[in-house]
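In: I need the structure of the sequence given here:
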Amino acid sequence: MKKLQAKLNQCAENLESPIAVILEGRDTAGKSSSIRELTHYLPPDLYSVCLSHKPSRRAMASWLGYWETRLPQEKKIVFYDRSWYSRAMVQHLNQWCTPKQYEIFIRDHKNWEANQSVRFIKFWLSISEEEQKARITARKNSPLTYWKFSANDENALSHYDRMSILKERVIDSDWYTVGFNDKKKGIKKLLEILCSELEPRE
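Out: All right, here's what the predicted structure looks like:
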């Protein structure tokens, strides 16, 4: 694993363009922990992390415009713990956005990405329904992670199939789907793919 992390360092020092690394997945899939591992040895000036948080009303009204201000401008890597794709999945699932906002996103997001001077590397972290249930139960009962448990986690268990339908509308051939029932193996695969993607092109 450390050899891969050293290789990622080397790749990050020789970027050819700004890089947006998008990590999407169900609740408890491992997005945050993966970013911690991926960035553990990266020089701080070569990357930043864009964390998921509740957007303002203004951001909700101009969704892609809001995210455009959070794209990398320099030759560095930005890791996204959820991204603009939350509109097509968790927001729509929980009715946080309107049906019209959802359809506008589905219509516009591909062209929006194509017009950015950024290279996108997208990952869907895939976990089974049984694994998600086990992780949510563990999170809820752990004295270390109980604070991360929310009503949204509980709701996720009843919406597994619906989330599958929603993600199929946007997770296409542009994405890498990585199995994350085993987090250690999943993180290793992420590193392998990132290093391969970021190696200088001849």
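In: What part of this structure, helix or strand, is modelled with the least confidence?
Out: helix 151-158 (a mean of 69; mean pLDDT, DSSP states H and E).
In: Mind checking what helix or strand follows that helix in sequence?
Out: Remark: after helix 151-158, the chain's next helix or strand is helix 160-168, criterion DSSP states H and E.
In: Show the secondary-structure elements that the next helix-or-strand element following that following helix is packed against.
Out: Next along the chain after helix 160-168, taking DSSP H and E as the criterion, comes strand 175-179. Under the contact definition 3 or more Cβ pairs under 8 Å, 6 or more residues apart in numbering; DSSP states H and E, strand 175-179 sits against strand 119-126, helix 183-198. For every residue, glycine as well, the C-beta is placed using N, CA and C.
In: Need these in JSON lines (columns: distance to residue 55, mean neighbour count and mean pLDDT).
Out: Shown next, in JSON lines, are these (distance: least, Cβ to Cβ, whole Å; neighbours: other Cβ atoms under 10 Å; pLDDT from 0 to 100):
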{"stretch": "strand 119-126", "distance to residue 55": "20", "mean neighbour count": "20", "mean pLDDT": "98"}
{"stretch": "helix 183-198", "distance to residue 55": "26", "mean neighbour count": "17", "mean pLDDT": "97"}
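In: Could I get the ones you listed in JSON lines, plus columns for distance to residue 21?
Out: Shown next, in JSON lines, are the helices and strands packed on strand 175-179 (distance: least, Cβ to Cβ, whole Å):
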{"stretch": "strand 119-126", "distance to residue 21": "5"}
{"stretch": "helix 183-198", "distance to residue 21": "7"}
